[in-house]
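Peer 1: quick one: sequence plus predicted model below, questions after.
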Amino acid sequence: MVFEDIYELYWQKIFRLCMGYVNNTDLAQDLAQETFIIVWQQLPKFRNESSIGTWIFRIASNNCLRQIEKEKRFSKTDLPINLEEKKQESMEPQIQLLYQFISELPETDRIIISLELEEVKQAEIAQITGLSEANIRVKIHRIKEKLTQKFKNNGH
């Protein structure tokens, strides 16, 4: 598969995955971009041991996890108060709320639900996360319940 085709096919999915992790449009775009730089560099070494999608999602997930680790080290409270995060206006409020709720979940749940929303097969999600398929099914069910509850608590 040619890099341009991979980029076309996966850009939106990877962006949304990153968005689920960081709930910040600019940062999600940066992380997606970094993911594709790694994909570009590593593509000659890709051996088809998993599907290309699984491989790309794994790179993106690792990238997002590294970002979350960085954020833990540099607290946002270190920023001057007047530098409030700007929200992207073009996103529907419901979707924005969904990303906010996803970003409040534990790290593993974030990746599982983000991949599920991208319609990645549960077997692939199991491969990417290193969990069993049965465990993934249970987790997805519980995560959906948690998100539904968050929407209800928020009056939706």
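Peer 2: Now that the structure is in, tell me what you want to look at.
Peer 1: what is the burial count for F151?
Peer 2: Neighbourhood size, F151 [other C-beta atoms under 10 Å]: 14. Placement of C-beta: from N, CA and C, glycine included.
Peer 1: in the chain, which residue is most central in space?
Peer 2: Compute the mean C-alpha point of the chain, and by C-alpha atoms, centre = their mean the closest residue is L17, 2.7 Å away.
Peer 1: I'd like the next helix or strand past the helix or strand hosting that one.
Peer 2: Assigned by DSSP states H and E, L17 belongs to helix 3-22. Later in the chain than helix 3-22, the nearest helix or strand by DSSP H and E is helix 25-42.
Peer 1: buried ones in the following helix or strand past that next one?
Peer 2: Using DSSP H and E, the next helix or strand after helix 25-42 towards the C-terminus is helix 52-73. Under the neighbour-count criterion of 16 or more other C-beta atoms under 10 Å, helix 52-73 has 52-61, 63-64, 67 buried.
Peer 1: what is helix 52-73 packed up against?
Peer 2: Identification of packing neighbours for helix 52-73 by 3 or more C-beta pairs under 8 Å, 6 or more residues apart in numbering; DSSP states H and E yields helix 3-22, helix 25-42, helix 107-117, helix 122-129.
Peer 1: which residues touch the nearest residue to S132 once chain neighbours are set aside?
Peer 2: Distances taken as C-beta to C-beta, 6 or more residues apart in numbering place A126 nearest to S132, at 6.1 Å, with adjacent residues excluded. A126 is in contact with 132-133, 135-136, counting by C-beta atoms under 8 Å, 6 or more residues apart in numbering.
Peer 1: would you list these in TSV and tack on distance to I37, pLDDT and secondary structure?
Peer 2: Below are those laid out as TSV (distance: C-beta to C-beta, whole Å; pLDDT from 0 to 100; DSSP: H, G, I helix; E, B strand; the rest coil):
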residue	distance to I37	pLDDT	secondary structure
S132	32	94	coil
E133	31	94	helix
N135	32	95	helix
I136	29	95	helix
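Peer 1: show me the shaky parts of the chain.
Peer 2: Filtered on pLDDT under 70, the chain yields the residue ranges 72-91.
Peer 1: go ahead and confirm N63 touches I37.
Peer 2: No - contact criterion C-beta atoms under 8 Å: N63 and I37 do not qualify, at 9.8 Å.
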